[in-house]
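Asker: Coordinates only, no sequence provided:
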């Protein structure tokens, strides 16, 4: 990627959301194109998901991987309410989106 071509540069945005157990929760990422990867981490050490994993570890969704992130668009990524989907009611999640 040439350094003199800012349009081709990697773009990164960050944010957070509170889980609501919605079946297809849209998270606006603020990038001008679909992200390639999204990192999501739940706040609060000791919070445990339904699989028994400690949620202060990072969950990674790659574009094309429909486990953590269920859909990708130029405006939002989506999380579901399935097991380990990082959308449990009342849990605050921080995220980083990279395009």
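Answerer: Alright, I've got the coordinates. Bear in mind that the values here come from a model prediction, so they are computed numbers and not experimental data.

Asker: what about the protein, any weak spots by pLDDT?
Answerer: Scanning the chain for pLDDT under 70 picks out 1-8, 44-68, 82-85.

Asker: where exactly do the strands run in it?
Answerer: Using DSSP state E, the strands of the chain run over 12-18, 25-28, 37-42, 58-62, 71-72, 76-79, 92-98.

Asker: most tightly surrounded among the ones you listed?
Answerer: strand 76-79 (a mean of 22; mean count of other C-beta atoms under 10 Å). For the C-beta atoms, the positions are set from N, CA and C on the backbone; glycine is no exception.

Asker: Thought residue 88 was touching residue 21, still the case?
Answerer: Yes - at 6.4 Å, residue 21 counts as touching residue 88 under the criterion of C-beta atoms under 8 Å.

Asker: Compare neighbour counts for the two and give me the winner.
Answerer: residue 88 (19 against 13; other C-beta atoms under 10 Å).

Asker: Okay, that one and residue 13: tell me how far apart.
Answerer: 23 Å (C-beta to C-beta, to the nearest Å).

Asker: for residue 69, same thing?
Answerer: Per C-beta to C-beta, residue 69 is found 14 Å from residue 13.

Asker: Wait, residue 75 touches residue 32, no?
Answerer: No - counting by C-beta under 8 Å, residue 75 stays clear of residue 32, with 9.3 Å between them.

Asker: And for residue 43, the neighbour number?
Answerer: Residue 43: 13 neighbours (other C-beta under 10 Å).

Asker: list the contacts for it?
Answerer: 16, 56, 91, 92, 93, 94 (C-beta atoms under 8 Å, 6 or more residues apart in numbering).

Asker: out of these, what pair is the most spread apart?
Answerer: The largest distance within the contacts of residue 43, taken as C-beta to C-beta, falls between 16 and 56 and amounts to 14.4 Å.
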